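[1] Fold the following and give me the result.
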Amino acid sequence: MRPFLRGLSRLAIALLTRTSVTGLENVPRTGPLLILGNHTSTIDPLLLLAFLPSETEFVGPGDFKLLFPGELAIRWYGLVRVRRSTQMERASLRLMTDLLKSGKILGLFPDGGTWEKPITDAKAGAAYLSMTTNTPILPVGIGGAYRAWDRIARLQRPRITVSFGPIMPPVQGSGQRAKRGEELDAATQAIMRRIYDLLPPADRARYDDLARRRYDVSVEVWRGNAHAMVTLPGSEVLAELMLKPNLLSPLVHNAGLPLDPLRWHGVRFPPQAVRLAAASLQRALHAEFADYMEYRLGAPKAQALYAALDALVALAEQPDVTRIVLTPGSYLE
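    Okay, the predicted model is just below:
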């Protein structure tokens, strides 16, 4: 199936996008090798599948099912599926380690997912694999892919660039366990800086913007014909969730949560709809989507979001409240 899927990916990329590729001469035919790229869209794996050898093994999400036809395609291809959480999944980690030690090429995204974040916000797993298996790294910069499917849906052909850089040597460590975390963080930042250098200026600017952007949400509460502004605890993180489409989308489309009051900004919603949205999200984030926010935003922000959702439920349950309007905004720090 892999050569077939590779050909299908090339056809889709040619028909739906205007993609240019540079640095293919840097891609070896044999491993061991880690191919590491930035990740802003679900079109990214399609791009790598189209241009990398069909022997390449890929790492994909294992914490929820993808939308059709993504789930079917990754089953056909045979991805290494990883449950993304704040702790490394040992079984998947062993499988990836074994693949590299057997001389395979392994492709993955160090930033862990497509949600909007600075390029320096990346996970140390790839650096750990390189260090423990003595595997070199091929950095890949993917530009123009953010919200590419939205442009394709509008019958536009987004201009995308895929740039393969020179191979980096394996991550080296001192061998001192006490310093390993610090060394892996430094190596991860070096990898992401190399990927950043391969990106076009517009993508660099978007990552720079995300590093400086801060968020907040105004909450307007109507009681009959009177209305007033209310301050919620954790409002900054609630606004961040509302304003980052790739962060919110899996909760809506994959989990099927009724989150319209968080998706449609500045709209008056009845308190029942707001309560349903906040309570449903709170339950999901403590059950099937447990660790979703901790992995993506960190534990302090996750706790702040839980506080905001609790406050939103309490607000919506007040008997005299007739409408609630949530309007998120952002600014550069």
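
[2] For the residue lying closest to P245 once chain neighbours are set aside, what are phi and psi?
    Distances taken as CB to CB, 6 or more residues apart in numbering place R147 nearest to P245, at 7.2 Å, with adjacent residues excluded. The way it works is simple: take the backbone N, C-alpha and C, and place the C-beta from them, glycine included. Main-chain dihedrals, R147, degrees, to the nearest 10: phi 60, psi 30.

[3] Begin at 9 from now on, thanks
    With the count now opening at 9, the last piece we talked about shows up as R155.

[4] So the most far-flung residue of the chain relative to its centre versus E325, what's the distance?
    When distances to the mean C-alpha position of the chain are computed (CA atoms, centre = their mean), the maximum falls on N233, with 41.8 Å. From N233 across to E325, the span is 21 Å (CB to CB, to the nearest Å).

[5] Then L80?
    Applying CB to CB to L80 and E325 gives a distance of 42 Å.

[6] between those two, who's got more neighbours?
    Comparing L80 with E325 by other CB atoms under 10 Å, the one with more neighbours is E325, at 13 against 10.

[7] Name the nearest residue to the more buried one, sequence neighbours excluded.
    R283 (6.3 Å).

[8] Do I have it right that that neighbour meets A324?
    Yes - look at R283 against A324 with CB atoms under 8 Å: they come within range, at 3.7 Å.

[9] For stretch 56-67, buried residues please.
    For stretch 56-67, the neighbour count (16 or more other CB atoms under 10 Å) marks 56-60, 64-67 as buried.

[10] Domain map for this structure?
    10-207, 222-340 (automatic domain parsing).

[11] Can you lay out those domains as TSV showing mean pLDDT and distance to A213?
    As requested, those are exported to TSV (pLDDT from 0 to 100; distance: least, CB to CB, whole Å):
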stretch	mean pLDDT	distance to A213
domain 10-207	90	10
domain 222-340	96	12
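
[12] For my notes, confirm L103 occurs in a helix.
    Yes - the assignment for L103 is a helix, going by DSSP: H, G, I helix; E, B strand; the rest coil.

[13] so it touches L87, yeah?
    No - between L103 and L87 there is no contact under CB under 8 Å: 10.8 Å.

[14] re earlier: for the residue nearest to E325, phi and psi?
    Dihedral angles (degrees, to the nearest 10) for R283: phi -60, psi -40.

[15] Can you give me the buried ones in stretch 280-288?
    Here stretch 280-288 shows 281-288 as buried, counting by 16+ other CB under 10 Å.

[16] Can you list which of these are found in helices?
    281-288 (DSSP state H).

[17] Sticking with Y339, tell me its helix or strand.
    With elements taken from DSSP states H and E, the one containing Y339 is strand 331-340.

[18] Show me the contact partners of that strand.
    Under the contact criterion CB atoms under 8 Å, 6 or more residues apart in numbering, strand 331-340 has outside partners 217, 220-230, 235, 246-247, 250-251, 269-270, 273-279, 282, 323-324.

[19] can you give me the strands in the stretch 209-341 of the chain?
    With strands called from DSSP state E, counting those that start in this stretch, the stretch 209-341 of the chain shows them at 221-231, 234-238, 276-277, 331-340.

[20] Please tell me how far stretch 28-48 is from the chain's geometric centre.
    In terms of CA atoms, centre = their mean, to the nearest Å, the centre of stretch 28-48 is found 20 Å from the chain centre.
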